[in-house]
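K.L.:
next one to model:
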Amino acid sequence: MRPMISPGGGPVPGVPSQQPTNLFRYGETALYSTFAFAQNTALANSQNRVFATPLGQNGQGFTQALTRTETNLKEGGRIPSGQAYDVYGVAGQIIGGDAVVGVAGPGTLDEPFNDNVATVQSLQNIINTAVLQWDFTQTVVDICPIMLAGAGGGNYGAIAQNAAGANSGAMNNGNGGIWMYRRNPVALPGNTTFAVLITFGSRAAPIPAGFSVSVRVVLLGYYKSVIEIG
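P.N.:
Numbers count the residues shown, from 1 in each chain. Sure, this is the predicted structure:
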């Protein structure tokens with residue numbers, strides 16, 4: 001017996017004998033993690049690991065639990081099983097905060113870089129001396145100086161001083177226009193163990209008293225997740 005087809009129609013397409021057991025979902029996402037450097041912290045020759053502490057736990061310079069502002073990782077240092085990420089952009093955001101962030105309490109991360117020499121110098125110190133590196137357990141791979149990561153490209157703004165010597169104005173860390181991995185993404189398969197190191201050389205100055213600096217590293221990329229349906 002032959003199947004019925006319409007006149008002029010092509011062959012009947014093949015139909016699989018079994019239904020698929022999973023589907024793939026694709027999209028864009030950002031993974032981010034933050035490290036807090038409290039006042040008087042010595043940065044020279046230090047390595048500071050981000051993407052190691054998950055949401056709701058203490059770590060990475062914070063003595064109180066990391067919130068959604070600091071990270072969106074549900075599991076520290078590992079890509080969830082059944083998911084994969086292709087990283088095509090790395091950003092390094094430098095955030096000013098009060099002296100107690102990560103030390104005696106939650107503190108704030110909303111202090112602007114304005115009318116204070118120490119705060120502007122802290123911004124420049126991070127930009128000029130910090131380097132980002134991948135840490136794949138046994139292998140460390142350089143990414144770039146933080147000034148080459150998006151949102152970390154330099155100083156932007158203005159500060160003015162009046163006749164009485166009072167300052168006004170604002171400085172921030174700009175909107176860096178250079179992004180790593182634009183042409184050749186870094187693949188992070190499911191269950192990959194990884195971290196990113198914020199590394200400083202011997203010429204980095206300590207964080208000044210009365211002020212803190214936090215560095216948020218953001219990985220921009222595509223994700224693919226497996227949806228089990230049977």
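K.L.:
which residues of this structure score low on pLDDT?
P.N.:
For the chain, the stretches with pLDDT under 70 are 1-24, 100-107, 110-115, 151-154, 172-178, 226-230.
K.L.:
and the strands in it?
P.N.:
Along the chain, the segments classed as strands by DSSP state E run 22-37, 47-50, 83-97, 130-136, 139-145, 156-161, 167-172, 186-188, 195-200, 212-228.
K.L.:
need the ones you listed in JSON lines with mean neighbour count, can you?
P.N.:
The C-beta positions use only the backbone N, C-alpha and C, and glycine is treated the same way. Formatted as JSON lines, these follow (neighbours: other C-beta atoms under 10 Å):
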{"stretch": "strand 22-37", "mean neighbour count": "16"}
{"stretch": "strand 47-50", "mean neighbour count": "19"}
{"stretch": "strand 83-97", "mean neighbour count": "21"}
{"stretch": "strand 130-136", "mean neighbour count": "19"}
{"stretch": "strand 139-145", "mean neighbour count": "14"}
{"stretch": "strand 156-161", "mean neighbour count": "12"}
{"stretch": "strand 167-172", "mean neighbour count": "15"}
{"stretch": "strand 186-188", "mean neighbour count": "17"}
{"stretch": "strand 195-200", "mean neighbour count": "22"}
{"stretch": "strand 212-228", "mean neighbour count": "19"}
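K.L.:
out of these, which is closest to T67?
P.N.:
strand 22-37 (9.7 Å; C-beta to C-beta).
K.L.:
list the helices and strands the closest one packs on?
P.N.:
In this structure, strand 22-37 packs against strand 47-50, strand 83-97, strand 212-228, with contacts taken as 3 or more C-beta pairs under 8 Å, 6 or more residues apart in numbering; DSSP states H and E.
K.L.:
quick check: which helices or strands does the second one pack against?
P.N.:
Read it as strand 83-97. Helices and strands touching strand 83-97, by 3+ C-beta pairs under 8 Å, 6+ apart, are strand 22-37, helix 117-129, strand 130-136, strand 186-188, strand 212-228.
K.L.:
which of the ones you listed sits closest to L55?
P.N.:
The minimum distance between L55 and the helices and strands packed on strand 83-97 falls on strand 22-37, with 9.8 Å, by C-beta to C-beta.
K.L.:
report the distance from that closest one to the chain centre.
P.N.:
Here the centre of strand 22-37 is set off from its chain's centre by 9 Å, with C-alpha atoms, centre = their mean, to the nearest Å.
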